[in-house]
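In: What follows is a protein structure lacking sequence information:
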């Protein structure tokens with residue numbers, strides 16, 4: 001997994017000119033020594049942004065319009081479960097739209113197969129490749145810290161605020177994604193999650209970690225991963241987040257001229 005992360009980082013590292021092939025890897029020690037310059041950790045930034053969306057109660061809506069690339073977004077007053085994670089990661093300086101799309105070109109067959117199992121057409125469309133749980137699950141498997149899937153009440157420390165969880169229905173069919181909250185259910189002691197879902201119909205902090213069934217993926221984006229991205233990338237991602245939480249008229253400008261609706265079979 002580390003070599004995959006390093007290959008991705010080479011594309012975005014500041015001071016590196018041109019495209020660098022994955023075989024031309026620089027010193028592992030140099031990359032490992034990279035430290036995030038941000039004042040907050042990635043997990044803290046993700047959690048803070050997710051709680052902001054819960055406060056805004058951004059409406060849940062199942063729709064896939066064509067949007068700009070990179071750093072594009074749908075209108076700020078609605079979104080899918082994936083949009084909660086994408087927007088929260090942008091607040092942390094990580095743009096999943098660009099990163100997942102670029103990674104899909106390096107590992108095209110992996111992403112096509114992940115979407116084939118979900119019965120998705122046009123899996124590598126850059127408008128919504130980052131808005132599918134199957135693609136995010138594959139990307140996090142390759143670049144995030146992979147953590148236990150089964151909640152164990154005797155090891156609550158395994159589930160930290162800002163962690164990302166992906167739910168599955170059967171086998172490896174993913175269908176929902178959420179962010180672990182710092183709130184704990186007072187009755188069960190189980191952590192809550194922040195997500196967008198049909199109930200209550202907007203982004204909320206109402207559900208417990210175990211309310212959506214089996215967990216197929218549990219991930220933590222690290223500070224070292226963020227530090228491996230270029231300053232330009234981080235700044236543009238944060239700017240996209242700020243635009244999302246700004247005036248509605250400003251956020252609507254992020255839509256591309258085309259708004260063709262694409263209705264996939266599931267998330």
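Out: Sure, I can see it. Model, not experiment: these values are computed from the prediction.

In: Work out for me the element residue 114 sits within.
Out: Residue 114 belongs to helix 108-116 when assigned by DSSP states H and E.

In: let me fix that: residue 51
Out: Taking DSSP H and E as the criterion, residue 51 maps to helix 42-56.

In: which residues are contacting that helix?
Out: Residues outside helix 42-56 that contact it (C-beta atoms under 8 Å, 6 or more residues apart in numbering): 36, 38, 40, 84, 87-94, 160-164, 179, 181-182, 194, 196, 203-205, 220-223, 225-226, 241, 245. For the C-beta atoms, the positions are set from N, CA and C on the backbone; glycine is no exception.

In: which of these are buried?
Out: Neighbour-count burial (16 or more other C-beta atoms under 10 Å) is assigned, among the contacts of helix 42-56, to 36, 38, 84, 87-94, 161-164, 179, 181-182, 194, 196, 203-205, 220-223, 225-226, 241.

In: and residue 146, what is it in contact with?
Out: Going by C-beta under 8 Å, 6+ apart, residue 146 touches 1, 140, 217, 218, 219.

In: Got a quick PyMOL command for the buried subset of these?
Out: Per 16+ other C-beta under 10 Å, the buried members of the contacts of residue 146 correspond to this PyMOL selection:
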select buried, resi 140+217+218+219
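
In: Show only the entries of the contacts of residue 146 found in helices.
Out: Members of these lying in helices (criterion: DSSP state H): residue 140.

In: State the pair within the contacts of residue 146 that is farthest apart.
Out: Using C-beta to C-beta, the pair of these lying farthest apart is 1 and 218, separated by 14.5 Å.

In: How much space separates the residue of the chain positioned farthest from its centre from residue 220?
Out: Most distant from the centre of the chain: residue 187, at 29.5 Å, with distances by C-alpha atoms, centre = their mean. Residue 187 is 26 Å from residue 220, where distance means C-beta to C-beta, to the nearest Å.
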